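Engineer: following is a predicted model, sequence given first.
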Amino acid sequence: MTVADSKVEKAKKAAGSIGLVTPAGARPAVQAPSADEVWQLPGGSARVYYAEGHRGVVRPVVLADGFDLGPTDHDRLWDGLEHGRFPFVSELRRRGRTLVLVGFDERSDSILRNAETVIAAVLRTVAEQLGDSRLLVGGFGMGGLVTRYALARMETQRFDHRVGVHLSFDSPHRGAWIPIGLQAFAHHLAPYDDTYLRQISSPAAQQMLWRHLDGVHGTPGESPLRTEFGERLQQAGDWPRIPRLLAVSSGRGNGTGNGVRAGAKTLSCAGPLFDGTRFLAQARGQKTEVAVVNGVLGGPHPITTSGFPDLDGAPGGTLESFGLLADTLAAAGENTDVAHRSVCFVPSVSAVSIRDLDQQDDLYADIGDLPPEESDVDDFLLSSKNEAHALMTGELAEWILDRLPN
C-alpha cells in the first residue's frame, strides 16, 4: 500500500466515526435503573418509571426522544435528564408523576413515521392510567415536532388523547440549522463512507433543517421533505388545539448571540488527510464563502451561500457541530485548529415559534419586545444564556414542573 493509499484509508475510517449530535458509537457513563415497565410499540418502545409510592401509571408525563442516528439509547436519554444540571426524573417522581420515556427504532426516520410510535404510546398511557388526570405529552428537539404532529393528527381522527399540556423542549418549529459547509463535507465523504451524510440527509434532518444541501456542488434550499412535512402539518391543523401549548428554548431571548462572529474561522485542517479544508461562520451577503473542502479524497471545493443571515452566531440552543468533527479528525491524526466548537442549532425564535429564520432582524429579535400572542404557543420560556441544545437546566425544569397539568 502506498502512502497515498494509506491516507485515503485513514480518511475513510475517520468518515465512519463522525457524529452530528453525539460522537458515533459513544456510550453513556451511567446505566439507567430498571424501568417499572417496558412497552414495545410500533417503531419504538417506552420505558415507564412510576411515581414514588405508586405501583401503576398515575398523573403521566410522556416525553419523546430527539434526533440522532440509530435507535434511542434509553440509558443516555435517562442520564441526560437525571444527571445534567437538574435531577428531572427524580423530581417528577417525587411530585407524584409517572414518567414515560418514548424512544424510536430509528431516530433519523421520518417525523411522520415516528409519530405513529408516539400515538401508540399515548393510547397505551391512557389505557394503563390510574385516575383521570390530564397528560403532559412532549419531546426534546425533534421529539417536540413528532408529538406536535401526533397529537394534531389524533384530534383530526377524533381520538381522545386526554392531553392537557403539550411541551416542546428546544424544538425547531420554524427550522433548525446545520452549517452548509458541514453539509458539503458530508457529501464529500459519502462516496467513501456515508455515516455523516446519513445523519445530515436523513428524512428527519431534511424535515427539520431550514436549508438543506443536496450535494457538494448543490444550491442550499428547502428540502422537498420539509415542504411535504409542512403540508402534512397543515392538513392536521398545524398544532393540536385541545392541550395548552408550552415551549422552552435553550437560547437567550434578548437577541444576544453566542459569540461566534460572522465570517470567523470555526475549524481548519492542516493535513495529512484534509489539508486546506476550512470552515467559516455563516455570514450575510451574496456568494459568501462558508467552507473550502479539500484533501486526499479530492478538492478543493469552495462552498458559498447567498442571502443567508448570520445563523451560526444566532441566539439559540447550540450543538457542537464543529467540535465533534474536529475531535474525530484529530483522533485520526489530522492537524486541526478549532476556534468555535459550538454554533447555533435551534434558534430561539424557532423554539418558541415566533419568527422565521430568513431575516437577520427576526433571527436576532429581542423576543421580550414582541407581542407574545405572535407566538404559536400559549406560553414559553427563554434561557438566561445560550445553552447546549435541549439541556435540562434548573431554570427550564422548574418552569416546566410548575406548569404540569392537574
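Structural biologist: Received, thanks.

Engineer: all helices of this protein, in order?
Structural biologist: Assigned helices in the chain, in chain order: 3-15, 74-82, 88-94, 111-128, 142-156, 180-189, 195-200, 203-208, 224-235, 321-331, 348-351, 360-363, 394-401 (criterion: DSSP state H).

Engineer: which other helices and strands contact the second one?
Structural biologist: It stands for helix 74-82. strand 44-49, helix 88-94, strand 98-104 (3 or more C-beta pairs under 8 Å, 6 or more residues apart in numbering; DSSP states H and E). Quick note: C-beta positions are derived from backbone N, CA and C, even for glycine.

Engineer: what is the mean pLDDT for that helix?
Structural biologist: The average pLDDT for helix 74-82 rounds to 95.

Engineer: return the set of buried residues in it.
Structural biologist: Neighbour-count burial for helix 74-82, counted by 16 or more other C-beta atoms under 10 Å, picks out His74, Asp75, Arg76, Leu77, Trp78, Asp79, Gly80, Leu81, Glu82.

Engineer: what's the answer for the fourth one, then?
Structural biologist: When burial is assessed from 16+ other C-beta under 10 Å, helix 111-128 yields the following buried residues: 111-126, 128.

Engineer: state the distance from the nearest residue to Ala204 once chain neighbours are set aside to Ala64.
Structural biologist: Nearest non-adjacent residue to Ala204, counting by C-beta to C-beta, 6 or more residues apart in numbering: Ser108, 4.9 Å away. Distance, Ser108 to Ala64, by C-beta to C-beta, to the nearest Å: 14 Å.

Engineer: repeat for Glu91
Structural biologist: For Glu91, the distance to Ala64 - C-beta to C-beta - is 19 Å.

Engineer: follow-up on the earlier one: can I get the helices and strands packed on helix 74-82 in TSV including mean pLDDT and mean neighbour count?
Structural biologist: Converted to TSV, those look like this (pLDDT from 0 to 100; neighbours: other C-beta atoms under 10 Å):
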stretch	mean pLDDT	mean neighbour count
strand 44-49	98	23
helix 88-94	98	19
strand 98-104	98	25
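
Engineer: quick one: which of the ones you listed is nearest Ile367?
Structural biologist: Across those, Ile367 has its closest neighbour in helix 88-94 (24.4 Å, C-beta to C-beta).

Engineer: okay, that closest one in CSV with CA atoms only?
Structural biologist: What follows is helix 88-94, C-alpha atoms only, in CSV (Å, rounded to 0.1, in the frame of the first residue of the first chain):
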residue,chain,number,x,y,z
PHE,A,88,-35.6,16.0,36.5
VAL,A,89,-36.6,12.3,36.7
SER,A,90,-36.3,12.2,40.5
GLU,A,91,-38.2,15.4,40.9
LEU,A,92,-41.0,14.3,38.6
ARG,A,93,-41.4,11.1,40.5
ARG,A,94,-41.2,12.8,43.9
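
Engineer: please name the nearest non-neighbouring residue to Val343.
Structural biologist: Val343's closest residue in space is Asp312 (C-beta to C-beta, 6+ apart), at 4.0 Å.

Engineer: the one you found: what's it in contact with?
Structural biologist: Trp177, Pro179, Val260, Ala262, Thr266, Ala281, Gln282, His340, Val343, Cys344 (C-beta atoms under 8 Å, 6 or more residues apart in numbering).

Engineer: quick revisit: surely the residue nearest to Ala204 touches Gln206?
Structural biologist: No - using C-beta atoms under 8 Å, Ser108 makes no contact with Gln206, being 9.8 Å away.

Engineer: distance of the residue nearest to Ser348 when sequence neighbours are not counted from Ser171?
Structural biologist: Nearest non-adjacent residue to Ser348, counting by C-beta to C-beta, 6+ apart: Gly251, 3.7 Å away. For Gly251, the distance to Ser171 (C-beta to C-beta) stands at 12 Å.

Engineer: do Arg134 as well
Structural biologist: 21 Å.

Engineer: can you check Pro371 too?
Structural biologist: In terms of C-beta to C-beta, Pro371 sits 21 Å off from Ser171.

Engineer: out of these two, which sits in the more crowded spot?
Structural biologist: Ser171 (31 against 7; other C-beta atoms under 10 Å).

Engineer: ok, now which ones touch the more buried one?
Structural biologist: If you count contacts by C-beta under 8 Å, 6+ apart, then Ser171 has Gly139, Phe140, Gly141, Met142, Gly143, Gly144, Leu145, Arg148, Ala247, Val346, Ala351 around it.

Engineer: do the same with Phe345
Structural biologist: Ala176, Trp177, Ile178, Gly316, Gly317, Thr318, Leu319, Ser321, His389.

Engineer: any idea which of those residues is closest to Ala270?
Structural biologist: Looking across the contacts of Phe345 and measuring by C-beta to C-beta, the closest to Ala270 is Ser321, at 20.0 Å.

Engineer: could you check the pLDDT of the closest one?
Structural biologist: 94.

Engineer: residues near Thr304, how many?
Structural biologist: 17.

Engineer: do the same with Gly368
Structural biologist: Gly368, neighbours per other C-beta under 10 Å, totals 10.
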